[in-house]
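In: What shape does this take:
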Amino acid sequence: MMTVTDAVIYTCLFTIVLITFSLQSSIKQLEKKIKRMDLSLSLLLNRMEIEVPSQLSDRVKQVALDPYRKLEAIKLYREETGTGLREAKEAIEEFIEHNQ
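Out: Below is the predicted model:
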């Protein structure tokens, strides 16, 4: 037999699960919107021939130019900026692509 306490606990857990799924869905939608906005901004800047200065330090750039030190460049960029792995990887790969 289920007690009142058990029912409250199950209700709370169920609510937490629902909120978690809802938040994950919202986060994914926001990420998609940000990507679209980033693409639009990049297209506008290219169309207007505006060069965006690199956020990479000279030290990170130097390491990133060596193809065997890409991971080291990503780690260094993360240390300097505090960004996440994905953002750091994208920044380094973009720099490498533009400098080949």
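In: Distance-wise, check the residue most central in space within the chain relative to residue 34.
Out: With distances taken as CA atoms, centre = their mean, residue 87 lies nearest the centre of the chain, 4.4 Å away. According to CB to CB, to the nearest Å, residue 87 and residue 34 sit 11 Å apart. For the C-beta atoms, the positions are set from N, CA and C on the backbone; glycine is no exception.
In: And the pLDDT for the residue nearest to the centre of the chain?
Out: Residue 87 carries a pLDDT score of 92 in this model.
In: Just the buried positions in the strand or helix carrying it, please.
Out: Using DSSP states H and E, residue 87 sits within helix 85-98. Using 16 or more other CB atoms under 10 Å as the test for burial, helix 85-98 gives 88, 89, 91, 92, 95, 96.
In: I'd like to know which elements the biggest helix by length in the chain is packed against.
Out: For the chain, the longest helix by residue count, based on DSSP state H, is helix 4-47. Using 3 or more CB pairs under 8 Å, 6 or more residues apart in numbering; DSSP states H and E, no helix or strand is in contact with helix 4-47.
In: Residues in contact with whichever helix or strand comes after that helix: which ones?
Out: Scanning forward in sequence from helix 4-47 by DSSP H and E, the next helix or strand is helix 58-64. Helix 58-64 is touched from outside by 54, 56, 69-70, 72-73, 76-77, 80, 92, 95-96, 99, with contacts defined as CB atoms under 8 Å, 6 or more residues apart in numbering.
In: any chance of those in CSV, plus pLDDT and distance to residue 46?
Out: As requested, the contacts of helix 58-64 are exported to CSV (pLDDT from 0 to 100; distance: CB to CB, whole Å):
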residue, pLDDT, distance to residue 46
54, 70, 16
56, 91, 19
69, 96, 29
70, 96, 25
72, 97, 30
73, 96, 25
76, 96, 28
77, 95, 23
80, 93, 27
92, 95, 21
95, 92, 17
96, 93, 19
99, 86, 17
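In: Just the buried residues of these.
Out: 56, 70, 73, 76, 77, 92, 95, 96.
In: Make TSV from those residues and add distance to residue 39 to it.
Out: What follows is these, written out as TSV (distance: CB to CB, whole Å):
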residue	distance to residue 39
56	21
70	24
73	24
76	27
77	22
92	19
95	18
96	20
